[in-house]
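# I need the structure of the sequence given here:
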Amino acid sequence: MNRQTSTKQEILDAALYLFHLKGYHATSIRDIANKAKVNPANIAYYFKNKQGLLEYCFMFYLEKYIAVLDRNVVMLEQKGPQQCLVDLVTDILEFQREYFLAARFIYGESALDTNLNREIHSTYFMKEKYYFQHLLDEGIKARVFQSVSVPLYLLQLKSLLTAPVLHPNYATEVLYVFPQEAYYMNRFADEVKRFIEQTLFHPDHDQAKLFSRPELFTGV
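Predicted structure coming up:
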């Protein structure tokens, strides 16, 4: 990583930390510069202003997130819908653990009704919907998935996948588990995959219980 790339990444890391800690509106350019140990002019050079930095935070995370979907769904024909979905869930949860602060801030921020969020939903999240819907439709057509309401099932699955980053304080203060740690996320991934098996895998299919075997629930 060259110095220019390193400085940009340090600014991004500082911004995500402070946006997560204090909120976007309570964080100033000077706060970010002090945290990143750079001149405020560097932020203007790379991102123009705080809004530009916010937009880059979204793009940085969501481009990587879509790449996780890309590399899994492209294997659909080779792996089949069941294994493809299980692998996708595993990778998404590990990705959120790796980029925990970014995921926590971005999913919280994306709940607000802003022009930026409307653009995010109409681009990145619509692409996410397309991938999941395609995967579910193919599984239902092949009769390895039960016939479900795809939009409602996607809402349930999305709620499960984002729960660790949307409710970290409840997890740590009430449940005494730590969603940013690999052990917790591995266990959580196991439970999500069990949910998928019980609610989606077709009981009449030969491989309906394929993922019940404990050795296949080793987590991420």
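# contact partners for L18?
T27, D31, I32, K35 (C-beta atoms under 8 Å, 6 or more residues apart in numbering). Every residue, glycine included, has its C-beta placed from N, CA and C.
# need these in TSV with secondary structure, distance to L112 and pLDDT, can you?
As requested, the contacts of L18 are arranged in TSV below (DSSP: H, G, I helix; E, B strand; the rest coil; distance: C-beta to C-beta, whole Å; pLDDT from 0 to 100):
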residue	secondary structure	distance to L112	pLDDT
T27	coil	15	94
D31	helix	20	96
I32	helix	20	96
K35	helix	23	95
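# now the residues you listed as TSV including distance to A14?
Formatted as TSV, the entries for the contacts of L18 read as follows, by distance: C-beta to C-beta, whole Å:
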residue	distance to A14
T27	9
D31	8
I32	5
K35	4
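# out of the residues you listed, who's the most crowded?
With neighbours set by other C-beta atoms under 10 Å, the maximum within the contacts of L18 is found at I32, which has 26 neighbours.
# strands of this protein, residue ranges please.
Applying DSSP state E to the chain gives no strands.
# looking at it, which helix or strand does the model trust least?
Lowest by mean pLDDT, DSSP states H and E among the helices and strands of the chain is helix 3-22, with a mean of 87.
# buried residues in it?
Within helix 3-22, the residues that count as buried by 16 or more other C-beta atoms under 10 Å are T7, K8, E10, I11, L12, A14, A15, L16, Y17, L18, F19, H20.
# mind listing what the last one touches?
If a contact means C-beta under 8 Å, 6+ apart, then H20 has L101, R104, F105 as its contacts.
# swap the cut-off to 10 Å and go again
Counting by C-beta atoms under 10 Å, 6 or more residues apart in numbering, H20 makes contact with T27, F100, L101, A102, A103, R104, F105, I106, G108, E109, P168.
# in JSON lines, list those along with distance to F125.
Formatted as JSON lines, the entries for these read as follows, by distance: C-beta to C-beta, whole Å:
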{"residue": "T27", "distance to F125": "25"}
{"residue": "F100", "distance to F125": "20"}
{"residue": "L101", "distance to F125": "20"}
{"residue": "A102", "distance to F125": "16"}
{"residue": "A103", "distance to F125": "14"}
{"residue": "R104", "distance to F125": "17"}
{"residue": "F105", "distance to F125": "16"}
{"residue": "I106", "distance to F125": "11"}
{"residue": "G108", "distance to F125": "15"}
{"residue": "E109", "distance to F125": "13"}
{"residue": "P168", "distance to F125": "21"}
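# please consider this matter closed, and thank you.
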